[in-house]
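Student: need a 3D model of the following:
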Amino acid sequence: MGGLTASVFRPGHYGVRVEDIVVCEPSGGRKLNEHPVAMVANE
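Tutor: I've put the predicted structure just below:
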């Protein structure tokens with residue numbers, strides 16, 4: 001099992017973290033998390 005995480009944080013201003021959890025199988029990768037991939041802004 002592997003994962004990919006990308007993060008950008010500017011203290012006091014904003015933060016973004018994108019993380020996918022993937023299982024590597026003989027037939028290809030299978031994503032375990034089922035969160036929507038659309039960008040959401042929380043104020």
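
Student: for this structure, which spans come out with low pLDDT?
Tutor: 1-5 (pLDDT under 70).

Student: for it, longest strand please?
Tutor: The strand spanning the most residues in the chain, taking DSSP state E as the definition, is strand 14-25.

Student: check which helices and strands that strand sits against.
Tutor: Counting contacts by 3 or more Cβ pairs under 8 Å, 6 or more residues apart in numbering; DSSP states H and E, strand 14-25 is packed against strand 2-10, strand 28-31. In short, each C-beta sits where N, CA and C put it, glycine included.

Student: describe which strands that strand pairs with in its sheet and in which direction.
Tutor: strand 2-10 (antiparallel), strand 28-31 (antiparallel) (DSSP bridges).

Student: partner residues bridging the residue most central in space within the chain?
Tutor: By Cα atoms, centre = their mean, the chain has its centre lying nearest to residue 19, at 1.9 Å. When bridges are called by DSSP bridges, residue 19 pairs up with residue 5.

Student: and for residue 18, the neighbour number?
Tutor: Residue 18: 12 surrounding residues under other Cβ atoms under 10 Å.

Student: so it touches residue 35, yeah?
Tutor: No: assessed by Cβ atoms under 8 Å, residue 18 is found out of contact with residue 35, at 9.9 Å.

Student: would you confirm that residue 30 contacts residue 23?
Tutor: Yes: with contact defined as Cβ under 8 Å, residue 30 counts as touching residue 23 (4.8 Å).
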